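Asks: Sequence below, structure please.
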Amino acid sequence: MPVERAMPPTSRPLGEYLACSRDYIEEALGRQGAVSDFDLRRRIGEILLEAGAVGLEDLLGAVERQRTVRLRACSLFSGLGDRELARLAAVFQEVTIPAGESFIRQDERDPCLYVIAAGTCKVFRTDEAGHEIPLARVFPGEPVGEMGYFDDGVRSASVRAVDVVQCLRATYDDLTDVFESLPAVAAAFMEVITRRLRSTNLLYQQNQYQLGVGDARPAAIAGLLDLARVRDLEGGIDRLLVRMVHSASRLMDAERASLFLVDPASGELWSKVAQGEDVHEIRVPVGSGVVGWCVEHNDLANVEEAYGDARFNADVDRRTGYRTRTVLCAPVRGSAGRVLGAVQVINKHVGVFTEDDESLLRAFAAQAAIAVENVNLFRDVVRGYRRMAGLLEVATEVGRSRDVLGLVVRLGRLLPALFECERGRLLVLDADGETLWCAGPVLDDDPPITRYSRARLVAGEVARSRETVNLPDVYEDERFDPELDREEDWRTRSLLLAPVIDESDRVFGIVELANRVEGVFEDEDVALLKAIVAHLRATVLVNGWQTPAGTSAPGRGR
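Replies: Residues are numbered from 1 along each chain as shown. Predicted coordinates for the structure are as follows:
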């Protein structure tokens, strides 16, 4: 005999929760199935109630028991007790979705959470060409739309019913009411969200690796670099962080909440999100204040009286006129255990922060860590593609140059944007070997040209050593002449330089980059510069340009 499979608890029909005869249920099912139009079908409970087979109280009780079983089978709520599940069941409603219908649509707002009870769903994204990119399958017991809670319900993907799908649906506003009254529900929700973010992060890294070793033709890169879409995605991730912190404040009944991140360049903590009236960026040293202590010791801090705690720094209160009473702060730890920053909530409206609040804040901190890592990963990937496209643009522009002056001018225009620095230029070495010159980045008939004594520039030393030089702080290096800054009314902070060698194995010129906009020049900047220098060398060799080309260049000397 064939073995009969047990029906999943989420798929058990309402009739199994009702104390009425099977004959009534089968008759009701027959009446329901007789209606051909799916949208016109009545629910079996309505049919049984109309026929007098069940009473209203019995029907409502059966519906609540069915919802509770279905919610308990969902990973978001599986660890909750009967009290919490009963409270949740009251805000969910049953929804039936026909096969083939997309009930969540990409880029549209739908402020609801769904829990699949029966049937299967397909999650997919649609690219600009209209192609569907499958992302996942969703089965009974799994949630759909939980990530939208932190992004105002704007959907990043579409969801379609593969077959007839029965599900439960609740609005985010109703869920928030439950979270505020039952912290255990909010903590369970956050724990599952964190796991989902972490798995999404790993999948994202795998996908980006596959993209990185794939098609690198200019057309393919241009397709990847839809800058408007990039801004939308970056803004979406930032909005996620903002909503997360605001949610932490609301769920813990606090006046304010902030996310502080570690600035790798300065080692300081700076406020990424601050809640309140006209709050500007706040910077504090690691180790200073409660948030600095939290990051330095990689530990949670629950302060019941701020001005009575030695860790509290009252300077921010004095600057802003705000009065801090209670503080709860948790470190934001990355996947490798590195502390990325801290989430801090201030001033519980009633009383002090409790153990339930601590559990909630740890959950928010874990989610913030994944979101921050996704921000960094996404921007690194975008930056890599931008640089690849920029390198292709440099190669194209260099190829169009018919003389050295045109080459110098074009590079002066392209290099700053490519390396995200304040100045980028090619300094050409004259035939005498003692003078370097460059032209302004403005492409016109008479670009301004400036000459420098080789002995006054770090580029002159690079011409001698023929090595790439990276100076994070030029004023700490004896090769830099600060008098040049005063003459040009400019402030040099950092430099990255590399020599270009001509066909006679002599130094043709030096590519000089100055003042990285964020931080200092890093290893990837060095690698990109070497790639550009290699291309410049090939261009110089092909065109047969010699260093004496600069001897006729007019201009002012330095």
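
Asks: Not counting its neighbours along the chain, what's nearest Cys74?
Replies: Val115 (4.8 Å; Cβ to Cβ, 6 or more residues apart in numbering). (Each C-beta comes from the backbone N, C-alpha and C, glycine too.)

Asks: Mind checking what secondary structure that neighbour has?
Replies: strand (DSSP: H, G, I helix; E, B strand; the rest coil).

Asks: Arg323 now?
Replies: coil.

Asks: what about it, neighbour count?
Replies: Using other Cβ atoms under 10 Å, the number of residues around Arg323 comes to 12.

Asks: buried sites along the helix or strand harbouring Val291?
Replies: Using DSSP states H and E, the element containing Val291 is helix 289-297. Going by neighbour count (16 or more other Cβ atoms under 10 Å), the buried part of helix 289-297 is Gly289, Val290, Val291, Gly292, Trp293, Cys294, Val295, Glu296.

Asks: Same check on stretch 69-82?
Replies: For stretch 69-82, the neighbour count (16+ other Cβ under 10 Å) marks Val69, Arg70, Leu71, Arg72, Ala73, Cys74, Ser75, Leu76, Phe77, Leu80 as buried.

Asks: Note down every partner strand of the helix or strand where Pro134 lies and its orientation.
Replies: Using DSSP H and E, Pro134 maps to strand 132-138. Applying DSSP bridges, strand 132-138 is found paired with strand 121-126 (antiparallel).

Asks: can you list the residues that contact the partner strand?
Replies: By Cβ atoms under 8 Å, 6 or more residues apart in numbering, the surrounding residues in contact with strand 121-126 are 106, 132-138, 144, 156-162, 165.

Asks: one more time with 6 Å, if that's ok
Replies: Contacts with strand 121-126, where a contact means Cβ atoms under 6 Å, 6 or more residues apart in numbering, come from 106, 132-136, 138, 157-162.

Asks: Kindly report the same for stretch 505-516.
Replies: Stretch 505-516 has contacts (Cβ under 6 Å, 6+ apart) with 419, 421-429, 459, 462-463, 492-500, 502, 533, 540, 547.

Asks: Cross the residues you listed against strands and list the overlap.
Replies: With DSSP state E as the criterion, strands contain 421-429, 495-500 from among those.

Asks: Return a ChimeraX selection command for the buried portion of those.
Replies: Typed into ChimeraX, the next command selects the buried ones out of the ones in strands among the contacts of stretch 505-516 (criterion: 16+ other Cβ under 10 Å):
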select :421,422,423,424,425,426,427,428,429,495,496,497,498,499,500
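
Asks: Tell me the one of the ones in strands among the contacts of stretch 505-516 nearest Glu94?
Replies: Cys421 (58.6 Å; Cβ to Cβ).

Asks: Contacts only, for that closest one.
Replies: Leu513, Asn515, Arg516.

Asks: Of the ones in strands among the contacts of stretch 505-516, which pair is most distant in space?
Replies: Spatial extent of those (Cβ to Cβ) is set by the pair Glu422 and Leu429 at 23.3 Å.

Asks: before we move on, the earlier item: give me the neighbour count for the residue nearest to Cys74.
Replies: Applying other Cβ under 10 Å, we find 27 other residues in the vicinity of Val115.

Asks: Distance of it relative to Val316?
Replies: According to Cβ to Cβ, to the nearest Å, Val115 stands 43 Å off from Val316.

Asks: for Arg105, same thing?
Replies: Where Val316 is concerned, Arg105 sits at a distance of 44 Å (Cβ to Cβ).

Asks: Next: Asp127.
Replies: 46 Å.

Asks: Please identify which of those two sits among more neighbours.
Replies: Neighbours were counted for Asp127 and for Val316 using other Cβ under 10 Å; Val316 has more, 16 against 9.

Asks: What score does the residue lying closest to the more buried one once chain neighbours are set aside have for pLDDT?
Replies: Of all residues not flanking Val316 in the chain, Ile282 sits nearest, at 6.4 Å (Cβ to Cβ, 6+ apart). Looking at Ile282, its pLDDT reads 75.

Asks: What about Ile282, how many residues nearby?
Replies: Using other Cβ under 10 Å, Ile282 is surrounded by 18 other residues.

Asks: Tell me the spacing between it and Ala254.
Replies: Distance of Ile282 to Ala254, computed by Cβ to Cβ: 17 Å.

Asks: and if you look at Asn302?
Replies: The gap separating Asn302 from Ala254 is 12 Å, by Cβ to Cβ.

Asks: Same drill for those two, tell me which one is more crowded.
Replies: Neighbour comparison, Asn302 and Ala254: the larger count goes to Ala254, with 22 against 17 (by other Cβ under 10 Å).

Asks: sec struct for the nearest residue to Leu457 once chain neighbours are set aside, please.
Replies: What sits nearest to Leu457 in space, not counting adjacent residues and going by Cβ to Cβ, 6+ apart, is Leu436, at 6.1 Å. Classification of Leu436 by three-state DSSP places it in strand.

Asks: Got phi/psi on Arg466?
Replies: Phi and psi for Arg466, reported as degrees, to the nearest 10, are phi 60, psi 30.

Asks: top helix in the chain by residue count?
Replies: helix 355-400 (DSSP state H).

Asks: got the angle for it vs helix 289-297?
Replies: Angular relation of helix 355-400 and helix 289-297 on a 0 to 180 degree scale: 70 degrees, by axes from the mean of the first three to the mean of the last three Cα atoms, to 10 degrees.

Asks: distance of the closest residue to Val144 other than its chain neighbours from Arg67?
Replies: The shortest distance from Val144 to any non-neighbouring residue, by Cβ to Cβ, 6+ apart, is to Tyr114 (4.2 Å). Separation of Tyr114 from Arg67 (Cβ to Cβ): 13 Å.

Asks: ok, now Leu135?
Replies: 28 Å.

Asks: Show me which of these two is the more surrounded one.
Replies: For Leu135 versus Arg67, neighbours defined as other Cβ under 10 Å are more numerous around Arg67 (23 against 15).
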